[in-house]
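> Turn this into a structure:
(one chain, ligands or ions: 2)
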Amino acid sequence: MLSKVIAQSSIDHVEKWFEKADKIVIVSHVSPDGDALGSSLGLWHFLNSQDKNVHVIVPNVFPDFLKWMPGAKEVIIYNRYKEFADKIIQEADVICCLDFNVLSRIDEMEEVVRTSPGRKMIVDHHLYPGDFARIVISHPEISSTSELVFRLICQLGNFGDITKEGAECIYTGMMTDTGGFTYNSNNREIYTIIGELLSKGIDKDEIYRRVFNTYSEERLRMMGYVLYDKMQVYPQFKAAMISLTRAEQNKFQCVKGDTEGFVNLPLSMKNVRFSVFLREDTEKDMIKISLRSVGNFPCNKVAAEFFNGGGHLNASGGEFYGTMDEAIDLFKQSLVRYEDLLLGKK
Ligand code: 5GP
Ligand code: MN
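Residues are numbered from 1 along each chain as shown. Ligands and ions are numbered 1, 2, ... in the order given. Now for the predicted structure:
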């Protein structure tokens with residue numbers, strides 16, 4: 001038996017909205033990851049089973065390793081079909097905002113979502129939900145939005161309507177946001193839910209392989225280059241940093257998703273508890289920062305204070321507008337500022 005994490009008042013509210021709504025739009029954050037797509041498609045499959053007119057719209061493309069997901073082909077990429085997507089968002093009765101807390105996380109879609117007359121709800125697990133939605137289902141203690149979608153459907157009394165395809169999407173999001181159940185994954189109910197998803201006929205081993213073991217040769221060689229030539233370790237701070245320029249990514253014919261997971265690599269060293277990956281973005285003129293930590297070191301604080309970002313305690317991100325040298329310099333400043341916490345003195 002799962003505990004009822006979502007407040008009954010929210011469940012009643014959602015039920016009413018879904019009942020009345022005909023046109024429903026699901027939106028998720030820029031550079032969609034496994035949980036953004038998993039939660040969105042999980043909910044999409046469910047609402048399809050309720051005969052709703054429902055679309056998933058995300059700001060930009062997602063990595064190749066998520067393209068196998070059931071329903072992925074139906075996902076509308078906003079920056080490719082802007083006019084079409086604008087119309088759907090403007091005409092929506094309900095807009096479900098999944099896996100993000102503030103509208104700036106949906107990039108170019110921010111304005112149209114904000115101004116649409118559609119009723120908005122948030123289902124998310126990031127801290128500090130914004131105030132743009134009437135229904136706010138925000139649970140930072142839950143490790144993925146996909147898990148929240150599963151809980152939402154169950155608390156609505158519709159477990160029976162979850163299909164194998166929907167279960168595959170939900171499982172993917174739960175798996176990717178916990179690094180294959182290696183962090184943020186000590187809540188035993190996660191494993192009850194996995195059991196329920198398996199009862200729908202999913203093949204979890206195959207999903208793992210599709211997501212984590214289908215990279216190109218170039219990606220693996222780039223990883224080798226990054227580890228041999230680019231990784232800097234700062235043992236005095238228990239930290240490590242990897243930087244990667246646009247030219248370096250081009251050399252390895254890097255495509256979207258190829259650098260996924262690089263930020264975690266230094267954390268496999270015994271004494272590293274904070275890792276940062278700085279990558280020149282290939283779409284925008286900025287440096288994308290990924291931060292990861294183990295234990296109680298709050299990398300979201302570093303992201304917010306130094307890189308205009310945020311996120312979770314152990315996984316966060318941000319952006320930097322300037323040169324790589326400046327970004328690296330800022331990272332080094334953050335080590336000095338957070339030295340006491342890094343070394344566990346506070
Ligand atoms: P990733 O390193 O995988 O891109 O992002 C890890 C987590 O950091 C995301 O799940 C999200 O919570 C957060 N995050 C990533 N980029 C940003 C950003 O630019 N701004 C904020 N506020 N959070 C971000
Ligand atoms: Mn998530």
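
> which residues does residue 310 bridge with?
Assessed by DSSP bridges, residue 310 has beta-bridge partners residue 317.

> For the residue in the chain that ligand 2 sits nearest to, which residues are in contact?
Nearest residue of the chain to ligand 2 (Cβ to the ion) works out as residue 35 at 3.4 Å. For glycine as for every other residue, the C-beta is placed from the backbone atoms N, C-alpha and C. Counting by Cβ atoms under 8 Å, 6 or more residues apart in numbering, residue 35 touches 99, 144, 145, 146, 173, 174, 176, 177.

> Let me have those in CSV, extended by secondary structure and pLDDT.
Shown next, in CSV, are the contacts of residue 35 (DSSP: H, G, I helix; E, B strand; the rest coil; pLDDT from 0 to 100):
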residue, secondary structure, pLDDT
99, coil, 98
144, coil, 98
145, helix, 98
146, helix, 99
173, helix, 98
174, helix, 98
176, helix, 96
177, coil, 94
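
> Most neighbours among those, which one?
residue 146 (34 neighbours; other Cβ atoms under 10 Å).

> I figured that one was touching residue 168, is that so?
No: Residue 146 is beyond contact range of residue 168, at 10.7 Å (criterion: Cβ atoms under 8 Å).

> and the two most separated of the contacts of residue 35?
Farthest pair in those (Cβ to Cβ) is 99 and 174. Separation: 12.1 Å.

> Make sure I have this right: the residue of the chain closest to ligand 2 is in a strand.
No: secondary structure of residue 35 (DSSP: H, G, I helix; E, B strand; the rest coil): helix, not part of a strand.

> filter the contacts of residue 35 by proximity to ligand 2?
By Cβ under 5 Å from the ion, the members of the contacts of residue 35 lying near ligand 2 are 99, 145, 177.

> Hmm, residue 60 and residue 283 touching each other?
Yes: contact between residue 283 and residue 60 holds when scored by Cβ under 8 Å: they sit 7.1 Å apart.

> of those two, who's got more company?
residue 60 (18 against 12).

> Now do the same for the more buried one: helix, strand or coil?
Judged by three-state DSSP, the three-state class of residue 60 is coil.

> show me the contacts for it.
By Cβ under 8 Å, 6+ apart, the contact set of residue 60 is 30, 31, 32, 77, 78, 79, 107, 283.

> Need the buried ones from those residues selected in ChimeraX.
Applying 16 or more other Cβ atoms under 10 Å to these, the buried members can be selected in ChimeraX as follows:
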select :30,31,32,78,107
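
> Going by distance to ligand 1, which of the contacts of residue 60 wins?
residue 31 (6.5 Å; Cβ to the nearest ligand atom).

> which non-adjacent residue is nearest that closest one?
Distances taken as Cβ to Cβ, 6 or more residues apart in numbering place residue 60 nearest to residue 31, at 6.4 Å, with adjacent residues excluded.
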